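Undergrad: Below is the structure, and that's it, no one-letter string:
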């Protein structure tokens, strides 16, 4: 009969639990984040696109702002930015200020064929200077690019693109949709173009979406499993040797 000291768990029990937990982590398939085909809303800050913290209906940009929209396939691990950056001077440099009005630069990137639902070629990205009332929201600014189609508070289409669908879930993201973006050059509005320098500066290609946290967790689980197996083997070998010594 073996004795267990009060308040202490036998080593073999600890090792067994650790091993079972490690293999449980390895055998559970990592959850796949849902992907959607949607319009993303961004603002230019410090010369780079950042995801807007509020919806366009709740955002009231100030004179001198630059906003961007991008249609793409994405999930919570990926961000598809407008593929070019234009400054306020490039967009609105030739648009004079007017009483009761504000000027907001606007970039609309319709994405790649891989982002479309049927593989159709999207319209070319556009850039313009929106002159709107001072209390106008970002929705009012976007409307300067064309008629908006909305559904249940979601932006579905800008200037007729896409023709159908609205933030549809994508069951299987194609390799082309996962691929890194290729930078594009978007010409500044004609009235704002004074010199060749007023042409959009392409941004760096965005990396393909990748869930690094999932891969890191899998590696850690393998390490724990290997260590647990080695510890269990060591325990069994030591126990076997002790048993052999007792019998002799």
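TA: Cool, got the structure. The model shown is predicted, which means the values in this text are computed figures rather than measured ones.
Undergrad: And the next helix or strand past the helix or strand encompassing residue 70?
TA: Assigned by DSSP states H and E, residue 70 belongs to strand 65-74. Using DSSP H and E, the helix or strand that follows strand 65-74 in sequence is strand 84-85.
Undergrad: In its sheet, which strands sit next to that following strand, and in what direction?
TA: Applying DSSP bridges, strand 84-85 is found paired with strand 201-202 (antiparallel).
Undergrad: as a whole number, average confidence for the partner strand?
TA: The average pLDDT within strand 201-202 is 46.
Undergrad: Provide a list of residues in contact with residue 108.
TA: Taking Cβ atoms under 8 Å, 6 or more residues apart in numbering, we find residue 108 in contact with 68-69, 82, 125-127, 142, 145, 158-159. C-beta here means a position set from N, CA and C on the backbone, and glycine is covered the same way.
Undergrad: For it, give me the pLDDT.
TA: pLDDT, read off for residue 108, is 98.
Undergrad: Let me know the closest of the contacts of residue 108 to residue 90.
TA: residue 127 (8.0 Å; Cβ to Cβ).
Undergrad: counting contacts, what elements does the helix or strand that contains the closest one pack onto?
TA: Secondary-structure assignment from DSSP H and E places residue 127 in strand 126-133. With contacts taken as 3 or more Cβ pairs under 8 Å, 6 or more residues apart in numbering; DSSP states H and E, strand 126-133 sits against helix 88-92, strand 101-109, helix 138-142.
Undergrad: For the strand holding residue 70, name the packing helices and strands.
TA: Counting by 3+ Cβ pairs under 8 Å, 6+ apart, strand 65-74 packs on strand 35-45, helix 88-92, strand 101-109, helix 138-142.
Undergrad: thinking again about what came up before, deepest-packed of the helices and strands packed on strand 126-133, please.
TA: strand 101-109 (a mean of 24; mean count of other Cβ atoms under 10 Å).
Undergrad: Run me through the strand neighbours of that strand, direction for each.
TA: By DSSP bridges, strand 101-109 pairs with strand 65-74 (parallel), strand 126-133 (antiparallel).
Undergrad: Can you give me the neighbour number for the residue lying closest to residue 147 once chain neighbours are set aside?
TA: Nearest non-adjacent residue to residue 147, counting by Cβ to Cβ, 6 or more residues apart in numbering: residue 159, 6.4 Å away. Using other Cβ atoms under 10 Å, residue 159 has 15 neighbouring residues.
Undergrad: Hmm, residue 159 is touching residue 146, no?
TA: Yes. Assessed by Cβ atoms under 8 Å, residue 159 is found in contact with residue 146 at 2.6 Å.
Undergrad: residues bridging contact with these two, i.e. touching both?
TA: By Cβ under 8 Å, 6+ apart, no residue touches both residue 159 and residue 146.
Undergrad: ok, residue 41 - how many residues close by?
TA: Counted with other Cβ under 10 Å, residue 41 comes out at 20.
Undergrad: residues in contact with it?
TA: 51-52, 55-56, 67-69, 138, 155.
Undergrad: Are any of those residues buried, and if so which?
TA: 52, 56, 67-69, 138, 155 (16 or more other Cβ atoms under 10 Å).
Undergrad: Just give me the closest of those residues to residue 121.
TA: residue 69 (18.2 Å).
Undergrad: Roughly how far does the closest one sit from residue 99?
TA: The gap separating residue 69 from residue 99 is 28 Å, by Cβ to Cβ, to the nearest Å.
Undergrad: Quickly list what the closest residue to residue 51 other than its chain neighbours is bridged to.
TA: Leaving aside its chain neighbours, residue 51 sits nearest to residue 42 (6.0 Å; criterion: Cβ to Cβ, 6+ apart). Taking DSSP bridges as the rule, residue 42 bridges to residue 51, residue 68.
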